[in-house]
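Q: just to be clear, the model below is a prediction. Sequence and coordinates:
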Amino acid sequence: MTLTNLGPIAAINGAAQLREIGAPPVLLLPILLTASALLDFLIASAMAKWTALAPVVVPMLMMLGISPEMTTAAYRVGDTLTNLISPLNSGFVLLLIFCQRWIPEMRLGTLLAANLPFAIAFYIAGLVITAGWVALELPLGPGTGVPYALPAR
């Protein structure tokens, strides 16, 4: 338990600033997706990254009318996009080792160059799917969707 309340303070201030800008959910969630993808190069663990982001991002987007389920979905899409090209990802290192078994001259840069087109294609597809899901307000599961209404006091 944190005693500073920095998470709620950042969430409230961030929501107020985003409300002033008038950024629509169809723009906010792809930005979250992109931030999640870029953080993959700094934080190796998906759980550690979510632990750092969730206390601020989830309540902030709830205050802007976006459900926690949609926030989580956008985060998870972004988290998977750069796994192909992040040297911090254990799967990437394992793939390099497997490749070197049959192609001894395979190096990190060669594998990165081979996977980069796939990562770019997955990123574009992830952006389109997330923005489309939000624009169409498709359900995320039983009883939940993209919009969220704060409970009345």
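A: Everything's here; your move.
Q: average pLDDT for the lengthiest helix in the chain?
A: In the chain, assigned by DSSP state H, the helix with the most residues is helix 108-136. In this model, helix 108-136 has an average pLDDT of 93.
Q: any buried residues in it, and which?
A: Within helix 108-136, the residues that count as buried by 16 or more other C-beta atoms under 10 Å are 111-112, 115, 119, 122-123, 126-127, 130-131, 133-134. To be clear about C-beta, it is placed using only N, CA and C from the backbone, and glycine gets the same treatment.
Q: excluding chain neighbours, what is closest to the spatially most central residue of the chain?
A: Centroid check for the chain by C-alpha atoms, centre = their mean gives residue 75 as the closest residue, at 2.8 Å. Distances taken as C-beta to C-beta, 6 or more residues apart in numbering place residue 36 nearest to residue 75, at 5.0 Å, with adjacent residues excluded.
Q: please tell me I have it right and the one you found contacts residue 53.
A: Yes: the pair residue 36 / residue 53 is scored as a contact, 7.3 Å apart, by C-beta atoms under 8 Å.
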